[in-house]
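In: Predicted model and sequence below, questions to follow.
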Amino acid sequence: MRSRIILLITFAFVFKINAQETIIFENQSSVITTGVPFLLIASDARAAGMGDMGVATSVDGFSQQWNASKYAFSTTKQGVGISYTPYLSKLVNDIFLGNVTYFNRIDERSAFAASFKYFSLGDIEFVQDEFSEALIQRPNELAIDASYALKLNEQFAMSVAMRYLRSDLRLDVGDTDAAAASTFGVDISGYYQSEEEAYNDFNGRWRMGFAIQNIGPKFKYDEGGQENFQPTNLRVGGGFDFIFDSYNKIGVTAEITKLLVPTPPLYGFVDTDGDGTQDADEPTIIVEGKDPDVSFLKGMFQSFGDAPGGFSEELKEFTWALSAEYMYQDSFAFRAGYFNESEEKGARKFFALGAGFKYNVINMDLSYLFSASKVQSPLENTLRFSITFNIGADTYFEY
């Protein structure tokens, strides 16, 4: 598709305060929006097949996106992962998210990883008139990051990741001020993996993880433009592996996520003359909520208590996901997951299925998404795949 049209619809309603004045405010969306949202898309098929989760699942080649601490528990010396995710595939065929990840477990205690993520919005064609030559723009966004993970003891590791972000979404159509925006971000994460324990009918292993991702300054596309928050988010999860024998294992995992970005407040103005329109002497005010024009660091803490609807709305800003993964002889995997988001905060609800195959040093994963919401997902009925090349498999022994 050569053109994209976005329609924004707003509604207004009026509340009577007293006989002399009326506060008029807009019924604005309570959905939190950020810049570079492509960072929140699950780029690897394994995580996608389990409901977009990965902070507390077992280590794999794409742990960089979810929790780089897991690399310190990798039994493989090093590996390269490649993934491809079509986006809005029902409408267009040139929007996609691509990812390349490299990891290297340096020694018994530490690991290094780096990745490159590229999000293309395809070709957009502009034609001024029938006599002009078409101008084609290719907006895109990308991220380059590197991480270092270190085991603090035999069961727990932490990591730090640095990320460079570039967002080139400005459409240069006669606008000489058009420019790409760039910034940087930091991830801090931790991962716990217990020793294998014997129970009555099976062995088991506990897993827990957390990650605070995309911590960094706001950015804008020009000097007079609006500042955009990065999609700073908190992920916390836990899971358990049911190890029945050397061939059969089932892992179950739960994860919650929250954007650490200010919630949009409810704006309005005092209509002192009762004419229903905002005059020059009637300034815009915040009717409910807090001012979102704060630094990224203050915004992280403010995000836990700034929802216009109070504590009940704050709870709705948490998403949660559940998943199960069956492994047979570490060669075949079948996965299923469910993701849930409040109707008021985006209404993303979907089921996901996935499968994985291992042959020698190659791992291939597939996933498929089924929407369970009235709001159609841009990834609905999309087949995603990723492949990992393991170098030095089974070099380390962890269990």
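Out: Thanks, I have the structure now.
In: Asn104: what's its closest spatial neighbour, skipping adjacent residues?
Out: Gln78 (4.1 Å; C-beta to C-beta, 6 or more residues apart in numbering). All C-beta spots, glycine's among them, are computed from the backbone N, C-alpha and C.
In: contacting residues around that neighbour?
Out: The neighbours of Gln78, taking C-beta atoms under 8 Å, 6 or more residues apart in numbering as the test, are 102-105, 390-392.
In: Just the ones of those residues in strands?
Out: Among the contacts of Gln78, the members falling in strands (DSSP state E) are 102-105, 390-391.
In: could I get those as JSON lines with pLDDT, neighbour count and distance to Asn200?
Out: Conversion of the ones in strands among the contacts of Gln78 to JSON lines gives the following (pLDDT from 0 to 100; neighbours: other C-beta atoms under 10 Å; distance: C-beta to C-beta, whole Å):
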{"residue": "Tyr102", "pLDDT": "97", "neighbour count": "18", "distance to Asn200": "42"}
{"residue": "Phe103", "pLDDT": "96", "neighbour count": "29", "distance to Asn200": "37"}
{"residue": "Asn104", "pLDDT": "95", "neighbour count": "17", "distance to Asn200": "40"}
{"residue": "Arg105", "pLDDT": "94", "neighbour count": "24", "distance to Asn200": "34"}
{"residue": "Asn390", "pLDDT": "92", "neighbour count": "21", "distance to Asn200": "34"}
{"residue": "Ile391", "pLDDT": "89", "neighbour count": "14", "distance to Asn200": "39"}
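In: Which stretches in the stretch 51-200 of the chain count as strands?
Out: Ranges of strands within the stretch 51-200 of the chain are 78-86, 96-105, 110-120, 124-126, 135-137, 140-151, 156-168, 181-193, 197-198, based on DSSP state E, counting those that start in this stretch.
In: where exactly do the helices run in the stretch 201-350 of the chain?
Out: Ranges of helices within the stretch 201-350 of the chain are 296-302, 311-316, based on DSSP state H, counting those that start in this stretch.
In: Out of these, flag the one nearest Asp168.
Out: helix 296-302 (21.2 Å; C-beta to C-beta).
In: Report the backbone C-alpha coordinates of stretch 335-342 in CSV.
Out: C-alpha atoms of stretch 335-342 as CSV (Å, rounded to 0.1, in the frame of the first residue of the first chain):
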residue,chain,number,x,y,z
ARG,A,335,4.0,-23.4,23.0
ALA,A,336,0.8,-21.5,23.9
GLY,A,337,0.2,-18.2,25.6
TYR,A,338,-2.4,-15.5,26.4
PHE,A,339,-1.9,-11.8,26.7
ASN,A,340,-4.3,-9.4,28.3
GLU,A,341,-4.6,-5.6,28.4
SER,A,342,-7.4,-3.5,29.9
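In: What distance do you get for Leu39 to Lys258?
Out: 15 Å (C-beta to C-beta, to the nearest Å).
In: For these two, indicate the residue with more neighbours.
Out: Leu39 (24 against 18; other C-beta atoms under 10 Å).
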